[in-house]
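Colleague: pasting the sequence and the predicted model now:
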Amino acid sequence: MDFRIFAQKITLVEIQKHFPDLSDRQIEQFIQIADLYKDWNQKINVVSRKDIDEIYTRHVLHSLAIAKLNPFLPETTILDVGTGGGFPGIPLAILYPECHFTLVDSIGKKIKVVNEVIEGLQLQNVKTVNDRVENITGQYEFIVSRAVAAMPTFTHWVKGKMSSNSRHERRNGILYLKGGDLTEELAPYSNAEIFNLEELFSDSFFETKKLVYLPRKK
Ligand SMILES: C[S@@+](CC[C@H](N)C(=O)[O-])C[C@H]1O[C@@H](n2cnc3c(N)ncnc32)[C@H](O)[C@@H]1O
């Protein structure tokens, strides 16, 4: 067995360990995702070449950390801001086929790849928007994102885009994946909670990556 397939199998086992109720279709989609990105990345580069062989650890599981912290109820509306090649939105959309995802990015070629991946996976619960998030109207229960902007800029962009109907254990809000030391950046947000990804997954996949939860103001 070639190393890539071996690594894929190991990580799929890892995904199933954390999300044991996956259907056969979801497992198939998680298998397909690696090949779809590998193919599309050769045409349009949306994932760094270094990361493409580690798509499960660096992108898929990383995105799913959001679900570890905050499982989404059916029919939840979720906006992924600056989705790039589709992260964290696409892995979450596989995990939650009954939720409604809107993936937005200002760069057209990235949205093109995302659309191709959505079609390849036959995801029915995702729509994409090629625009700056500031121009998006509508309200969402949760806003997810990874590595897009500093929190003050980000919160300014998404102001007014969070709905007030709270159905989840955690209040509606922002779930933001980020690396580095966030102490200074998050100082103005007394209600922000920071989680280490190693804690959420209880292993050492993620080094210093963090997940920030910032609930909507009451
Ligand atoms: C570093 S990439 C991260 C992509 C993806 N979230 C990931 O983690 O793989 C940042 C992305 O945010 C997008 N972006 C930056 N500002 C934006 C804005 N105001 N509205 C929509 N997308 C934006 C960029 O086009 C880029 O694709």
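Modeller: Looks like it came in fine.

Colleague: tell me who's in contact with the residue sitting nearest the centre point of the chain.
Modeller: Central residue of the chain (Cα atoms, centre = their mean): Pro88, 1.4 Å from the mean position. Listed by Cβ atoms under 8 Å, 6 or more residues apart in numbering, the contact set of Pro88 reads His62, Ser63, Leu64, Ile66, Asp80, Val144, Ser145, Arg146, Leu177. For glycine as for every other residue, the C-beta is placed from the backbone atoms N, C-alpha and C.

Colleague: residues of the longest helix belonging to the chain that come out buried?
Modeller: Criterion DSSP state H: the longest helix present in the chain is helix 24-43. Within helix 24-43, the residues that qualify as buried by neighbour count (16 or more other Cβ atoms under 10 Å) are Gln26, Gln29, Phe30, Ile33, Ala34, Leu36, Tyr37, Trp40, Asn41.

Colleague: swap in stretch 76-94?
Modeller: Applying 16+ other Cβ under 10 Å to stretch 76-94 flags 76-94 as buried.

Colleague: check stretch 182-198 too.
Modeller: Leu182, Glu185, Leu186, Tyr189, Ala192, Phe195, Leu197, Glu198.

Colleague: still on that earlier bit, quick check, nearest of the contacts of Pro88 to Glu116?
Modeller: Nearest to Glu116 among the contacts of Pro88 is Asp80, at 16.6 Å by Cβ to Cβ.

Colleague: ok, back up a step: which residue is the nearest non-sequential neighbour of the residue nearest to the centre of the chain?
Modeller: Ser63 (3.3 Å; Cβ to Cβ, 6 or more residues apart in numbering).

Colleague: I'd like to know which elements the strand or helix carrying the one you found is packed against.
Modeller: Counting by DSSP states H and E, the element that carries Ser63 is helix 61-69. Applying 3 or more Cβ pairs under 8 Å, 6 or more residues apart in numbering; DSSP states H and E, one finds that helix 61-69 contacts helix 3-18, helix 89-95, strand 142-146, strand 173-178, helix 197-201, strand 210-215.

Colleague: helices and strands around the longest helix of the chain, which ones?
Modeller: Right, helix 24-43 is packed against helix 3-18, helix 49-52, helix 55, helix 89-95, helix 108-121 by 3+ Cβ pairs under 8 Å, 6+ apart.

Colleague: tell me the mean pLDDT for the first one?
Modeller: Helix 3-18 carries an average pLDDT of 73.

Colleague: cool, the shortest one as well?
Modeller: For helix 55, the per-residue pLDDT values average out at 84.

Colleague: ok, residues contacting that helix?
Modeller: Ile33, Ala34, Tyr37, Lys38, Val47.

Colleague: isn't the second one right up against Tyr56?
Modeller: Yes. Between Ala34 and Tyr56 a contact is recorded at 7.0 Å, counting by Cβ atoms under 8 Å.

Colleague: quick check: residues of this protein near the ligand?
Modeller: 82-85, 87, 104-107, 110, 132-134, 146-148, 157 (Cβ under 6 Å from any ligand atom).
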